[in-house]
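Q: Quick one, what's the 3D model for this:
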Amino acid sequence: MEIIDAHVHLGTIAHKKSKSGGFPFDLYNDYKSFLKRMDASRVSRAVVLPIPHRDYDSRLSNEYLLEADRKSSNRLIPFCRIDDNLEENLCNGFKGAKLHLAYEDLEKKDLKCKVKLLEEYGVPLLLHAKFKYKVRQIEEILKYAPNLYLILAHMGRGHINTDEGIVENAAALKKYDRVYFETSTIEDPVTGHGSASINKVCDIIGNNRILFGTDYPFEKNKYDYQSRIDTFINGIHGKKALPFIMYNNIFELLNLGNDQERIVIREVKKSDATFLGTFLESLSEEDRKFLALSPKLSHIKTVIRSEKHCYAALVNNIIVGFMRESGRPEGYSLLEEIAVNPGCRRKGIARELLKHYHRIFSKTLAKTNAKNTGMIALLKRNGYEPENPDAQRIINWKRNTEQERQ
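A: So this is what the prediction gives:
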């Protein structure tokens, strides 16, 4: 059975801002030593997080994780600390972000902005919630970013090395299908492990939203790495669930099976206007006809400069695709245009733009030129049904999510 550890900290004393004192849980862990530990325990990959404390330099901590990712042949999957460089970090290859609300400061306005950015990029937030009112904290974040993928560290347990509240958390958050529960440092004070309570959580929410994690090197002098893994595996009552909890769930959540260059979707910025204008003007005559660009190009440029309704697809920080939508009555959104650089087509960019669109808007419409066979095929694969299939010029589409197929 393959294993991905969904909660590991990396960092050294070099990342500490002040020279006095230390972090109380001894989280120092260099990636070279940890890779050897992974090999000894037959752990395939690990989600790696910086030391979550305001006394540790965020930039140095994040840079170290990117180095670990490169030097480990992608076995170490980096989640960045949230700071003012969050968007740059996501473009540089981080697969998610970690926020520890007990040790890091983030104003409500800034929190709202950051989680919406994570939602936009389609990457998860691994959250260590404050001690009290954990469910309320999760629900507040999901109000800001309802399509955010959120991993609740330690299943939101109360005191360290207990199972306090995790069953109640699962029951309260069951309805949020993008909230995942990570299992590290869950213990029953009597048995010494948290298997009984974790099994109850599995019964409540199923096996597809549980992620195995160790929180290594937390309390590494009390529990060795291998024993944490063995204790967990031996305690889960549904052995068919283990491959999902130990590997499949985090693998699918982070889209680790996609070996192509990472496609990032974000809202356009004013600074994109010149590039995107040139990009749209350079499209072939057929593309421009399919998109009906000539009569509306000036309007599109105005909308881009407003930084609303428009999205850019980037590969290696270079814009390779564009999408625009507009509001319609009864809560619908109309997909106005999708355009991809001709040299980057057949690489899933239009599909990723469309997936991003569906994350944001649940009720969507589209229009296509009747001869645009490529776009017609893409819409059909993603649950759109034609309202006037025999139209000679413009076909109107409405998305039926029950019929969607990837």
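Q: Could you tell me how many residues sit around residue 126?
A: The burial metric for residue 126, expressed as a neighbour count using other Cβ atoms under 10 Å, is 24. Every residue, glycine included, has its C-beta placed from N, CA and C.
Q: Helix or strand for it, just tell me which one.
A: strand 125-128 (DSSP states H and E).
Q: Check which helices and strands that strand sits against.
A: strand 96-100, helix 134-144, strand 150-152 (3 or more Cβ pairs under 8 Å, 6 or more residues apart in numbering; DSSP states H and E).
Q: I'd like these laid out as CSV, including mean pLDDT and distance to residue 353.
A: Converted to CSV, the helices and strands packed on strand 125-128 look like this (pLDDT from 0 to 100; distance: least, Cβ to Cβ, whole Å):
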stretch, mean pLDDT, distance to residue 353
strand 96-100, 94, 21
helix 134-144, 95, 23
strand 150-152, 97, 23
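Q: Rebuild the ones you listed as TSV, extending it with mean neighbour count and distance to residue 375.
A: TSV is the format used below for these (neighbours: other Cβ atoms under 10 Å; distance: least, Cβ to Cβ, whole Å):
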stretch	mean neighbour count	distance to residue 375
strand 96-100	23	31
helix 134-144	17	33
strand 150-152	24	33
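Q: Nearest approach to residue 272 belongs to which of these?
A: Nearest to residue 272, of all the helices and strands packed on strand 125-128, is strand 96-100, at 23.3 Å by Cβ to Cβ.
Q: Outside of the closest one itself, list whatever touches it.
A: By Cβ atoms under 8 Å, 6 or more residues apart in numbering, the list of residues contacting strand 96-100 from outside reads 47, 49-50, 52-53, 79-82, 86, 89-90, 106, 114, 118, 123-128, 149, 151, 153, 254.
Q: Quick one: mean pLDDT over stretch 125-132.
A: On average, the pLDDT along stretch 125-132 is 93.
Q: Check the separation of the first and last residues in it.
A: Start and end residues of stretch 125-132 are separated by 19 Å (Cα to Cα, to the nearest Å).
Q: List the buried residues for that stretch?
A: When neighbours are counted by 16 or more other Cβ atoms under 10 Å, the buried residues of stretch 125-132 are found to be 125, 126, 127, 128, 129.
Q: out of those residues, who's nearest residue 371?
A: Nearest to residue 371 among the buried residues of stretch 125-132: residue 125, at 43.0 Å, using Cβ to Cβ.
Q: Identify the residues contacting the closest one.
A: When contacts are counted by Cβ under 8 Å, 6+ apart, residue 125 is found next to 96, 97, 98, 99, 115, 118, 141, 148, 149, 150, 151.
Q: Could I get the full set of helices for the stretch 151-300 of the chain?
A: Along the stretch 151-300 of the chain, the stretches classed as helices by DSSP state H, counting those that start in this stretch are 166-173, 195-205, 225-235, 242-243, 249-253, 273-281, 285-291, 297-306.
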